[in-house]
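K.L.:
generate a structure from the sequence data that follows.
(2 chains)
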Amino acid sequence: MNKTILKLLLKRIASSLLLIFLIITILFFLLRISPGSPVQKFISEDFSIELSQKIKSNFQLDKTLFEQYGSFIAQAVKLDFGTSYNYNLPVFSVIKDYLIFTVIFSFISLIVQIKAGSLFAFISVYKKNKYLNGVLDSVAIFSFALPSFLLGLLLIYIFSIILGILPSNGLTSINHDDLSVLGKFWDYVIHLILPVLSLSLTGTFIFYKYIKESVSEVSRKNFILNLQAIGEKKSKIILYHVLPNSINPILTIAGLELGALLSGSLITEVLFGLPGMGRLTITAILTRDYPLVIGCTFISGLLIIFANLLADFLKTVFDKRIINTLNN
Amino acid sequence: MKIKNSHIIFFLLGLLFLLKFNTIISSYYLLYLFIGSLFSEFNNTISNIDLMLLDVFLSAILFIVAPLLTYRYRKYKLLVKELNFISVIAIILLTIFLFAPVIANFHPDFHKNINVTKLLKPFSSKVLIEQRIQGASESVFDKFISLRNSTINQPFYSNKFFVDNVSSDNKSFQQKDTEELLPPGSNSKRIYFVFGTDELGRDVFSRIVYGARVSLSIGIVASLISMLLGVFFGFYSGYKGGAPDFILNKFSDLFLAFPIIFLIIFIISLWGSSFFILVLILGITSWMPLYKLVRTDVFSIRNKDYYKSAVLLGLNKKQLLLKEILPAIIPIVVVNIVYQFANVVLAESALSYLGLGTGSNLPSWGKMINEGQSYLYKGWWLIFFPGMFLLLTLSFINILGKRISESLNPLSKND
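P.N.:
Residues are numbered from 1 along each chain as shown, chains lettered A, B, ... in the order given. Next comes the predicted model:
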């Protein structure tokens, strides 16, 4: 049993790594054949030709494309993506700070989404209030149509401009360093309320939709009706019988959502000025910081794969039959 | 009596006719003069044709054709249906899309004396003064040119300007507590900025109306491209199988594994952005979900009995594809293209919001929101109205997709 899991895991990881390798290769060539060069930023017209050549060779951009690719691959195998042009630091030490924020932010948002989504879904399935369900369903449809930047701007307008109770930009206040430990924590919290809200709304109602569908499908099944007839406690039925049987599609969605969140929630980060992976990637792309673009893509790819693997692993924990279907 | 869809079309067109009587009549007169001057000075007239002119002609012709067609097909199923949220939004959007030059008061980029019209609240009004240009000769061509300049919304007028108020005897105007005499032979018109004006004094309503065209046409063209690619590749790989199928499948996996917005931004930032590049990129990067659906469907159809019997009957490849497979996958394609349209409009607005939109000065809704963002403290209407239109359009498309998939798949109705 464990052997098959291990085999499947290795197979998945191998094919995913191949995928990442392909993407990085495509990115590498796209970056090199695109017009414009990162060296232009560092070269002035007043420089002598030798000096500009030297700068170019410092960036290793004077070699032919395939030589560059060869040395790039040789380094990439050692997980060394070179030095960021903008920050003049190794790529991973640039990414590190942004990554920590993104991971924390993503997990907060995911937890909010699942919690709120399942709450709404269970209310809708078990309370059977016609008007409440109607309201929830129409809010769900509007939330799928609501672009996150619009929601973010609305929240900023209400809470920052009219009411003036929550900050609209950044992760810390100006006087952050003078605060006590508790004060610092509180500072982070109030800065994250609006971003988490605007990032989570759509996801919440995606979870609401899927949880509602699968829970209501399972709770119509005969064995649940049987349990109800026996007189089993309602909470026990939900926790031990309905949830394990309906959790599969939810976990798939959670995996996809976590992957998307971890690769950076671009719009929210730009809108609220947060130091996340999405904004780092975009800045790197716009300033032609080749090593940083590839480093960010690599990390995002790894995180997406990690998220999907986590979801699949949890699925096998809840439903042992899946291993057999995967094996075939 | 039930209010039907055809009634709302007549109502909207009638309302438009009442509100914009001058514009509509003068566009017909313009058409008449255009045809007249085609006979007198052919070359000069041809060189004066541009998109805006054709646009005005087209909407003028449609203004006659649309009611006639609606009347002719009033018993048609779609038009007989009772009014609901979807159809109202659809009809309003379609009207805005087709009659933009008639509905909009100004060219989207028109701004003159900014200090008068800057950041006006919704429903505020100013007086537009138009000076007569004297000395035009009376040939048909000259008449055509002068009428063309006054009828078509243009980004710049040398003879028009805004003032705060005009005295009741039409002799003088007030401008910031000073009173000056009106230039002789000028006429004044009170203009209402229904949705306010932006930081450059441009009318938000006109920008939204023209922006609808940009946003919607990007959505339509890009989702058509993605549909064609998806159906074609899905057909090809489902029908052929083997190596091409494997390669295409892995390729689409590669695209589906990563958030597509980064790839789009990557390409746009490297190769610049224009309307066509944006449409192409949005279309090319979004066919993979449809490809997967079509591919699995074609695979499953190939194992069905009716398909096998069609093969045994000796139908050729073209007949098999067009008569046996295509009708079976149409429902999926229709539902997918509707959702795809919503996705593309959303992606376009997100890109425009990030400042990577069409690149030109075309006002799309996302771009308007991006520009209005810096004036959030001073003018909420700069974001509220384009945002409202975006939200209504997207929710309309989502509801439409849901309805279509429900009507195609009766099983999903029961919950």
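K.L.:
let me see the backbone angles for A:Gly231.
P.N.:
phi 100, psi 30 (degrees, to the nearest 10).
K.L.:
confidence score at it?
P.N.:
Reported pLDDT at A:Gly231 in the predicted model: 88.
K.L.:
next one: B:Ala222
P.N.:
On pLDDT, B:Ala222 comes in at 94.
K.L.:
hmm, it is touching B:Asn343, no?
P.N.:
No - at 9.2 Å, B:Ala222 and B:Asn343 do not qualify as touching, with contact defined as C-beta atoms under 8 Å. To be clear about C-beta, it is placed using only N, CA and C from the backbone, and glycine gets the same treatment.
K.L.:
what sits against B:Val345?
P.N.:
B:Val345 sits next to B:215-216, B:218-219, B:390, B:393-394, B:397 when contact means C-beta atoms under 8 Å, 6 or more residues apart in numbering or on different chains.
K.L.:
do that again at 10 Å, thanks
P.N.:
The neighbourhood of B:Val345, defined by C-beta atoms under 10 Å, 6 or more residues apart in numbering or on different chains, consists of A:145, A:147, B:215-216, B:218-220, B:222-223, B:282, B:364-366, B:390, B:393-394, B:397.
K.L.:
so, low pLDDT: which residues of the stretch 1-150 of chain B?
P.N.:
Scanning the stretch 1-150 of chain B with the threshold set as pLDDT under 70 gives B:1, B:133-137.
K.L.:
please apply the same query to chain A.
P.N.:
Within chain A, the stretches with pLDDT under 70 are A:1, A:323-328.
K.L.:
can you pull out the strands in it?
P.N.:
Using DSSP state E, no strands are found in chain A.
K.L.:
same question for the stretch 51-200 of chain B.
P.N.:
Using DSSP state E, counting those that start in this stretch, the strands of the stretch 51-200 of chain B run over residues B:124-131, B:160-163, B:165-166, B:172-175, B:178-181, B:186-193.
K.L.:
outside of the first one itself, list whatever touches it.
P.N.:
Around strand B:124-131, the neighbours that count as contacts under C-beta under 10 Å, 6+ apart are B:105-106, B:112-113, B:116-117, B:120, B:150, B:157-166, B:173-175, B:182-194, B:196-197, B:201.
K.L.:
please redo it, this time with the cut-off set to 8 Å
P.N.:
For strand B:124-131, contacts defined as C-beta under 8 Å, 6+ apart pick out B:116-117, B:120, B:150, B:157, B:159-166, B:173, B:182-183, B:185-193, B:196.
K.L.:
if I look at B:Leu182, how far off is B:Gln131?
P.N.:
Relative to B:Gln131, B:Leu182 is positioned 9 Å away (C-beta to C-beta, to the nearest Å).
K.L.:
repeat that for B:Ser407.
P.N.:
58 Å.
K.L.:
quick one: residues contacting the residue nearest to B:Trp380 when sequence neighbours are not counted.
P.N.:
Nearest non-adjacent residue to B:Trp380, counting by C-beta to C-beta, 6 or more residues apart in numbering or on different chains: A:Tyr157, 6.3 Å away. The neighbours of A:Tyr157, taking C-beta under 8 Å, 6+ apart as the test, are B:376, B:380, B:383.
K.L.:
same thing but 10 Å
P.N.:
Contacts were defined as C-beta under 10 Å, 6+ apart; by that measure A:Tyr157 touches A:163, A:168, B:376-377, B:380, B:383-384.
K.L.:
most neighbours out of these, which is it?
P.N.:
Of these, B:Ile383 is surrounded by the most neighbours, 22 neighbours in total, counting by other C-beta atoms under 10 Å in any protein chain shown.
K.L.:
longest single helix anywhere in the chain?
P.N.:
Using chain A. Criterion DSSP state H: the longest helix present in chain A is helix A:181-219.
K.L.:
you looked at the wrong chain, it should be chain B
P.N.:
Taking DSSP H as the criterion, chain B has its longest helix at helix B:204-240.
K.L.:
residues of it that come out buried?
P.N.:
Applying a neighbour-count criterion of 16 or more other C-beta atoms under 10 Å in any protein chain shown, the buried positions in helix B:204-240 are B:204-216, B:218-227, B:229-231, B:233-239.
K.L.:
quick one: which of the contacts of A:Tyr157 sit in helices?
P.N.:
Within the contacts of A:Tyr157, residues falling in helices by DSSP H are B:383-384.
K.L.:
quote the end-to-end distance of stretch B:179-192.
P.N.:
Counting by C-alpha to C-alpha, to the nearest Å, you get 22 Å between the two ends of stretch B:179-192.
K.L.:
what's the closest non-adjacent residue to the residue nearest the centre of chain A?
P.N.:
Nearest to the mean C-alpha position of chain A, by C-alpha atoms, centre = their mean, lies A:Leu261 at 1.7 Å. Closest residue in space to A:Leu261, ignoring its immediate chain neighbours: A:Ser106 at 3.8 Å, by C-beta to C-beta, 6+ apart.
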